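>>> got a predicted structure plus its sequence, pasted below:
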Amino acid sequence: MSHFFPKATYAEDQPLATTILTTHVLYRGFQLGAAVGPLSRAALSLKNKQPLTSVTLLRAAGTGGVVGTGLLTVALIGRMWGREEIEWKDRSWRLLNHRGQVAVDDWSQVGGLLGGAFGVARLNALGWRGVVGAAGVGSLVGVVGCMGYGFVRGEEADL
């Protein structure tokens, strides 16, 4: 995400602060939903003794991604309501200048694009929820890849 927005030298000069923070929070909500959706669907399938397929899990990830985005929209409004502009700028500036956060964003965006491309290629079988879910799962795989890459390189977690 940091490559798409201008970065200021000082936090108080950060342009597009509201957009940056909102984009970050909504993307994390999407990822959270894409992780929780399949887990809840798997638990429900086990409880009801229903078969569990990859298509079902991807659709659950898509639904979860949409729900997670909506929930974190409400959370962001609740958290930042009435805050001063400098608080938005400071939080946005810290996101754009945190090396670990930039790495996670880069890897998760690539994973999300690849997952979304896979979903579009299988659109007839997956439907829109499956495409969205494939993008969400790809994004999560990108985060895991980033952490694994850092571990293999021997870098301490800078998250």
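Cool, got the structure.

>>> who touches residue 141 in this structure?
With contacts defined as Cβ atoms under 8 Å, 6 or more residues apart in numbering, the neighbours of residue 141 are 111, 115. For every residue, glycine as well, the C-beta is placed using N, CA and C.

>>> what's the separation between it and residue 67?
When Cβ to Cβ, to the nearest Å is applied, the distance between residue 141 and residue 67 equals 20 Å.

>>> show me where the chain has helices.
Using DSSP state H, the helices assigned to the chain run over residues 17-48, 54-80, 85-97, 99-121, 123-153.

>>> would you turn those into JSON lines with mean pLDDT?
What follows is those, written out as JSON lines (pLDDT from 0 to 100):
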{"stretch": "helix 17-48", "mean pLDDT": "96"}
{"stretch": "helix 54-80", "mean pLDDT": "97"}
{"stretch": "helix 85-97", "mean pLDDT": "96"}
{"stretch": "helix 99-121", "mean pLDDT": "95"}
{"stretch": "helix 123-153", "mean pLDDT": "94"}
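
>>> residue 1: which of those helices is closest?
Ranking those by distance to residue 1, with Cβ to Cβ as the measure, places helix 99-121 first at 4.5 Å.

>>> any idea of the angle that closest one forms with helix 54-80?
140 degrees (axes from the mean of the first three to the mean of the last three Cα atoms, to 10 degrees).

>>> if I take helix 99-121 and helix 123-153, what angle do their directions form?
Relative orientation of helix 99-121 and helix 123-153, computed by the same axes, to 10 degrees: 150 degrees.

>>> on contacts alone, who are the packing partners of helix 99-121?
Using 3 or more Cβ pairs under 8 Å, 6 or more residues apart in numbering; DSSP states H and E, the elements in contact with helix 99-121 are helix 123-153.

>>> my guess is residue 86 contacts residue 10. True?
No - taking Cβ atoms under 8 Å as the definition, residue 86 is not a contact partner of residue 10, at 10.9 Å.

>>> look up phi and psi at the most far-flung residue of the chain relative to its centre.
Residue distances from the centre of the chain (Cα atoms, centre = their mean) peak at residue 49, which lies 30.6 Å from the mean C-alpha position. The phi/psi pair for residue 49 (degrees, to the nearest 10) reads phi 60, psi 50.
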